[in-house]
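Trainee: Structure for this input, please:
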Amino acid sequence: MSTASPPSFRIHPGSPGSPVLLHVPHGSRTIPEDVRGGILLDDGALERELDHITDSHTAELASRAADACAVRPWRFVNGLSRLVVDPERFPDEREEMRAAGMGAVYTHTTHRERLRAPDTDPEPLLAAYFRPYAEAMTEAVDARIAATGRAVIIDVHSYPTAPLPYELHGTGPRPPVCLGTDPFHTPAGLRSLAEEAFAGFGGTGVDSPFAGAYVPLKHYGTDRRVTALMIEIRRDTYMTEPGGAAGAGLDALAGALAGLVESAGPY
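Mentor: Modelled structure (predicted):
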C-alpha cells in the first residue's frame, strides 16, 4: 500500500512516429508514508477503500495493448494512488466532484466517509504531486505534437459494476465499456473507432456513468491537434470485484485496446 519514496509517474516510450499516448491515472494503490499520515482511515478500512477506488490492472491492460501494436504507443502511468492526488480533476471550482469531496485532493471516500480532516490544507499535495504530474503530461503531449503534428490521448480506466455512493451520475446506464467524450477534443471518427474496437464485449455506451476525456489545461478547449477519448471498462468484464485478481477478459480487452490504438493515429 505505501512506500517511502515511490515514483510519482512514469513515461514509457513508444514509437517515434506514434501520436498516441495511453494515459493510466488511477491504476496504483501506492501511498507515500508521509501522505498516509494525513489519511484518517485505519489500515483495514484503507485497504477496502483502495479496492473500490483503484482501477485495478489498467496499467497491465495498457502494457499488453502496447506490446500488441506494430506502432507502439507511448504510455503515461501514474505510480501513486488517486488518494494522494487525482491528476485528472480540475484543481479549482470547475471540478464538479468537489461536491462529493473528491476534487484534486480527496476529503471523502467512495462511501462519503471522511478521508482527511476538515482543516487539511491541499496545497502541499498539489505542489508535490498534482502540478509536477500535470506539467509532465503537458510536456508528453507537446512532444507527440512536435514529433507527429498531433496527439491522441486515450485514457484507460475501469469502474464498478454497481454504483458507489460517491458517484454523481450513478443512476444512468452502466455498459460493459463506457466511452467518455469531450465536445471539443473527441471527433466522431475517434468515437466510432472505439465503438467498433470494443463491440464484442456486450455493447458500448457514451458518457454514462462517467463523462469527459482528459486533456492538459494548456491545450484544453483551444488546440484541435489534441484529440482525446476515455475508455471506462466495467470491472466484471475482466476481474473479481472489488479489488481482486484479473481474469481471462483482460487479454481480450488488451487486444481491443490495441486495435483502437492502431486505428486512432489519424484522429
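
Trainee: Next up, identify which helix or strand the closest residue to residue 266 other than its chain neighbours is on.
Mentor: Using CB to CB, 6 or more residues apart in numbering and skipping the chain neighbours, the partner closest in space to residue 266 is residue 189 (7.7 Å). To be clear about C-beta, it is placed using only N, CA and C from the backbone, and glycine gets the same treatment. Assigned by DSSP states H and E, residue 189 belongs to helix 188-197.

Trainee: which residues in the stretch 1-150 of the chain form helices?
Mentor: For the stretch 1-150 of the chain, helices defined by DSSP state H, counting those that start in this stretch occupy the ranges 33-36, 43-53, 58-67, 123-125, 131-148.

Trainee: tell me the most buried of these?
Mentor: Burial of the helices of the stretch 1-150 of the chain is given as mean neighbour count (mean count of other CB atoms under 10 Å); helix 58-67 ranks first at a mean of 21.

Trainee: so what's the closest residue to residue 264 other than its chain neighbours up against?
Mentor: Leaving aside its sequence neighbours, residue 264 sits nearest to residue 152 (CB to CB, 6+ apart; 5.1 Å). By CB atoms under 8 Å, 6 or more residues apart in numbering, residue 152 lies in contact with 19, 20, 21, 144, 190, 227, 228, 264, 265, 267.

Trainee: Can you give me the neighbour number for the first one?
Mentor: Counted with other CB atoms under 10 Å, the burial measure for residue 19 works out to 26 neighbours.

Trainee: so it sits right up against residue 146, yeah?
Mentor: No - using CB atoms under 8 Å, residue 19 is not in contact with residue 146, being 10.7 Å away.

Trainee: and the residue nearest to residue 264, what element?
Mentor: strand 151-159.

Trainee: Show the subsequent helix or strand relative to that strand.
Mentor: Once strand 151-159 ends, the next helix or strand along the chain (criterion: DSSP H and E) is strand 177-180.
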